[in-house]
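Enquirer: what shape does this take:
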Amino acid sequence: MKQFSIGPVRNWFGYTRRERRASFVLLILILAVTFIRFIIPDNRIAIEEITLSDQVFTEDLRLSGNDKNTGLSYQKPPRTYQQKRAKIELNTCDSASLEALPGIGPVLSARIIRYRNLLGGFTSVSQLREVYGLPEETFSLISDRLVADSSFIRKINLNTADFKQLIRFPYFERYEVTAILNYREMRVKIDNLNELVANKLVTQEKMKKIRSYIEIPE
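Expert: Here you go, the predicted structure:
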């Protein structure tokens, strides 16, 4: 029988002794790694990216209902709110307080205070709409941060006020001031506010606006 020779195989691959040794070591390493992968379980940890908004929403739902995995019910903890910002009182605030409001600069704050002085004070926050140059958008932004205390209103004595004092009041027209002074001179004094409407010195609508600002002491 002819003896088998590996010479042709060796010549076909063209490996040197050193290359054959390195290939044998590499083969052993591959087999060892494959064997270890079968013996040791492949435990992987999955990491999910959760945005802050999704996390808060999921946590909120979990706390307000039942946990599907454990069957335990959770009571949603009470919400905590930041302390509400103190409101600004329109009849006593200064220009710096007004300028701290959104959309109010030095010009508008000066106009608000000047108008407040002419009126004698604000009976309601809505009167800010009467301030020249104050946009409706700005009023909407600041109205809920303001309050008007009508106890600070400075009233006009209708039986002692002169023409200059009455004409400065924003709600009076010149012809109304003249009519009131003439009526007062004729009657010596005005007994009650209803006389103004009854004698057509002012309209009923005007009386609604000025009632909080005028008085007739006994």
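Enquirer: mind listing the helices for this protein?
Expert: Listed in chain order, the helices of the chain (DSSP state H) span 7-13, 17-39, 52-63, 95-99, 106-119, 136-142, 163-168, 174-187, 194-198, 204-210.
Enquirer: need the contact list for the closest residue in space to residue 116 that isn't next to it in sequence.
Expert: Excluding the flanking residues, the one nearest residue 116 by CB to CB, 6 or more residues apart in numbering is residue 122, at 6.1 Å. Quick note: C-beta positions are derived from backbone N, CA and C, even for glycine. For residue 122, the contacting residues are 90, 91, 116, 128, 148, 150, 153, by CB atoms under 8 Å, 6 or more residues apart in numbering.
Enquirer: isn't residue 206 right next to residue 175, touching?
Expert: No. The pair residue 206 and residue 175 does not pass the contact test of CB atoms under 8 Å, sitting 11.7 Å apart.
Enquirer: so between the two, which is more surrounded?
Expert: residue 206 (16 against 9; other CB atoms under 10 Å).
Enquirer: measure that one to residue 163 for me?
Expert: Computed as CB to CB, to the nearest Å, the residue 206 to residue 163 distance reads 18 Å.
Enquirer: do the same with residue 86
Expert: Noted for residue 86: a distance of 41 Å to residue 163, by CB to CB.
Enquirer: looking at these two, which is more packed in?
Expert: Relative neighbour count places residue 163 above the other of residue 86 and residue 163, with 12 against 8, counting by other CB under 10 Å.
Enquirer: residues touching the more buried one, list them.
Expert: Contacts were defined as CB under 8 Å, 6+ apart; by that measure residue 163 touches 177, 178, 181.
Enquirer: hang on, the earlier thing: out of the helices of the chain, which gets nearest to residue 216?
Expert: Closest approach to residue 216 among the helices of the chain (CB to CB): helix 194-198, 9.1 Å.
Enquirer: with just CA atoms, put the closest one into PDB.
Expert: Output in PDB follows, covering the C-alpha atoms of helix 194-198 (Å, rounded to 0.1, in the frame of the first residue of the first chain):
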ATOM      1  CA  ASN A 194     -80.300 111.500  42.300                       C
ATOM      2  CA  GLU A 195     -81.000 115.200  41.700                       C
ATOM      3  CA  LEU A 196     -78.200 115.100  39.100                       C
ATOM      4  CA  VAL A 197     -80.000 112.500  37.000                       C
ATOM      5  CA  ALA A 198     -83.500 113.800  37.700                       C
END
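Enquirer: who's in contact with it?
Expert: Outside helix 194-198, the residues that touch it by CB under 8 Å, 6+ apart are 180, 183, 187, 190, 201, 202, 203, 204, 207.
Enquirer: can you put the helices of the chain in JSON lines and add distance to residue 217?
Expert: Formatted as JSON lines, those follow (distance: least, CB to CB, whole Å):
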{"stretch": "helix 7-13", "distance to residue 217": "124"}
{"stretch": "helix 17-39", "distance to residue 217": "102"}
{"stretch": "helix 52-63", "distance to residue 217": "61"}
{"stretch": "helix 95-99", "distance to residue 217": "33"}
{"stretch": "helix 106-119", "distance to residue 217": "20"}
{"stretch": "helix 136-142", "distance to residue 217": "35"}
{"stretch": "helix 163-168", "distance to residue 217": "15"}
{"stretch": "helix 174-187", "distance to residue 217": "14"}
{"stretch": "helix 194-198", "distance to residue 217": "15"}
{"stretch": "helix 204-210", "distance to residue 217": "16"}
